[in-house]
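A.B. asks: Below is the sequence, then the predicted model.
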Amino acid sequence: MQAIQTHQLNILRDIAFQTVIQRGLFAEFSPEVLREINGFSENSINTNSNTLQNLRGLIWSSIDNDDSRDLDQLTVARRLAEDQIQILVAVADVDALVKDSSATDLHARHNTSTIYTPIRIFPMLPERLSTDLTSLNKQEDRPALVIEMTISPEGALITANIYQAIVRSHAKLAYNAVAAWLDGTRPMPEVIAAVPGLAENLKLQFQAAQRMKRFRQQHGALSLETIQAVPVFDGVTMVNLDFEQPNCARDMIEDFMIVANGITARFLSSQYYPSIRRVVRTPKRWGRIVEIAAEYGTTLPDTPDSQALEKFLQKRKSADPIRFPDLSLAIVKLLGAGEYSAESPGGKNEMDGHFGLAVNDYAHSTAPNRRYSDLITHRLVKAALSGKESPYTLSELQDLAKHFTRMENEVNKVERQVEKSVAATLLQGQVGEIFDGLVTGAATKGTWVRLLSLPVEGRLVEGFEGVDVGQRIQVKLASVDIQKGFIDFVRVI
């Protein structure tokens, strides 16, 4: 595989910039946004309000990617009577500074999320906010929306609460280091040892997360491991794209966020406020999922059943953990993409829930620095907490939901195309070589294959007749086009 030198990285960064623009997204902040941001300072943050609980004294910490600076959440645990565990999730109050219809807000509303590519990130909010004034940084007092959940010994949610508070992070932690410590493969990170009581608190959080995961899986939440590409650098030279490895610390935070998003959705419904829900509908291609399970000797019901599917996935994960991500990818493709939908005030089960998570109520609410739907949800929650009218009508939320779904698709296309341009650069010296692959898409618009040895996906331009999602085939790399992000394969028969 050919390494990517500095001049090639510059070309790829320009490709990323142009791809963002071509997809109808903003690649830069306007002068109006920059002027608005220049007017903010630490003094703009209100940490003295009587309506905010003072939770500075709790042992809050953030856990995120090694290089993340836009910190949306902090977590902390409390041990209660009867072996119950209370988890508190503090989410940055971005709305405290980013007001509806301001220049900054309109930029974020248009793009709807931060755009992540292997060689360049296009933040939804200017870094003066997302990595500073609205980020839950270490040793900084910040306003937050706190989602409180009490977990039973069996992992069930017993009670929940939402309120506003002032919080202060005591440690900035990284997934890889925390996971290695929790797994017992590396010693405790010094940053954890430096904070009295933090190690014990993180272990309590981990215990709660394991309970919650078991409970959700018993009720049909799917244990899927999808493939994520991670750029590997040697100094300033990119030398590879690697697979993101499973990580128990990341899983722990995701478990907390899943429950927090459900609590938020149900809170808005209970207060008779409209909301924007995240929906993954019942899969239309369940028949193909049944066929894949049959290839492994498992019979699934004729109609979609998340609990039966989860049992099959658990069985395959135990039997073949190395190839399980490949099976997961096929199932994810067949489940279909998620979408956003508006729910009317006090609505009860008006729409499909989230099939993959086995929940009926789900509203994104835990990443307002990176995702605009979460910022909308925060404004709704804050209005409900203060007894004010909803800041958005149902009609406005319906329009926003359609916009979020449409722009999420555009963002995903940008990220995939730039990732393919990076992969094409790395693979340009291997045209003619043969690889093992997995069919990830099969439709009239094209057939797609992901390599098993590299997190690279390309189009099957010859020999695609009769193949379907989940099928393993051998392919030859026919050509690459770095500028367009094209990676073309032909089937080897």
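C.D. replies: Nice, thanks for sending it over. Here the structure is a predicted model, which is why all the values come from computation and not from measurement.
A.B. asks: K284 and G336, how far apart?
C.D. replies: 6 Å (CB to CB, to the nearest Å). Any C-beta I mention is one placed from the backbone N, CA and C, and that applies to glycine too.
A.B. asks: what about the protein, any weak spots by pLDDT?
C.D. replies: Per-residue confidence for the chain (pLDDT under 70) gives these ranges: 1-2, 227, 234, 236, 322, 347-360.
A.B. asks: Does E310 belong to a helix, a strand or coil?
C.D. replies: Secondary structure, DSSP: H, G, I helix; E, B strand; the rest coil: E310 is helix.
A.B. asks: hang on, it packs against S223?
C.D. replies: Yes: counting by CB atoms under 8 Å, E310 does reach S223; the two are 6.4 Å apart.
A.B. asks: Which residues are in contact with each of these two?
C.D. replies: Common contacts of E310 and S223, defined by CB atoms under 8 Å, 6 or more residues apart in numbering, comprise Q217.
A.B. asks: Which of these two has more residues huddled nearby?
C.D. replies: E310 (21 against 16; other CB atoms under 10 Å).
A.B. asks: Now do the same contact list for the more buried one.
C.D. replies: Q217, G220, A221, L222, S223, A358.
A.B. asks: The fourth one and L335, how far apart?
C.D. replies: Pointing back at L222 there. 8 Å.
A.B. asks: Which of the helices or strands spans L397?
C.D. replies: helix 394-427 (DSSP states H and E).
A.B. asks: After that helix, which helix or strand is next?
C.D. replies: strand 434-443.
A.B. asks: Show me what counts as buried in that following strand.
C.D. replies: F435, G437, L438, V439, T440, G441, A442 (16 or more other CB atoms under 10 Å).
A.B. asks: pretty sure G338 contacts V280?
C.D. replies: Yes: counting by CB under 8 Å, V280 is a contact partner of G338 at 4.6 Å.
A.B. asks: Need phi/psi at the residue lying closest to F122 once chain neighbours are set aside.
C.D. replies: Spatial nearest neighbour of F122, excluding adjacent residues (CB to CB, 6 or more residues apart in numbering): I115 at 4.0 Å. Taking degrees, to the nearest 10, you get phi -110, psi 120 for the backbone angles of I115.
A.B. asks: How about the contacts made by I115?
C.D. replies: Contacts of I115 by CB under 8 Å, 6+ apart are V20, L25, I121, F122, V411, V414, E415.
A.B. asks: with these in mind, which one is nearest to V469?
C.D. replies: Among those, E415 lies closest to V469 (CB to CB), at 20.6 Å.
A.B. asks: you'd agree that closest one is up against Y116?
C.D. replies: Yes: E415 is within contact range of Y116, at 6.0 Å (criterion: CB under 8 Å).
A.B. asks: More neighbours: the two, which one.
C.D. replies: Using other CB under 10 Å, the more surrounded residue of E415 and Y116 is E415, with 18 against 15.
A.B. asks: Could you export the contacts of I115 as CSV, including distance to L52?
C.D. replies: Output for these, formatted as CSV (distance: CB to CB, whole Å):
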residue, distance to L52
V20, 37
L25, 35
I121, 31
F122, 32
V411, 33
V414, 38
E415, 36
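A.B. asks: ok, these vs V381, which is closest?
C.D. replies: Among the contacts of I115, and counting by CB to CB, the member closest to V381 is V411, at 24.5 Å.
A.B. asks: Pull out the buried positions in the helix or strand where V449 lies.
C.D. replies: Using DSSP H and E, V449 sits in strand 446-451. Residues of strand 446-451 classed as buried: T447, W448, V449, R450, L451 (neighbour count, 16+ other CB under 10 Å).
A.B. asks: Out of the residues you listed, flag the one nearest to D93.
C.D. replies: For the buried residues of strand 446-451, the nearest to D93 is R450 (39.4 Å; CB to CB).
A.B. asks: which ones are touching the nearest residue to that closest one once chain neighbours are set aside?
C.D. replies: Spatial nearest neighbour of R450, chain neighbours left out: E457 (4.4 Å); criterion: CB to CB, 6+ apart. Residues in contact with E457, defined by CB under 8 Å, 6+ apart, are R416, K420, T440, W448, V449, R450, L451, I487.
A.B. asks: what about E457, distance to V439?
C.D. replies: E457 is 10 Å from V439, by CB to CB.
A.B. asks: what ranges do the strands span in the stretch 201-350 of the chain?
C.D. replies: Per DSSP state E, counting those that start in this stretch, the stretch 201-350 of the chain carries strands over the ranges 229-234, 237-243, 275-279, 339-343.
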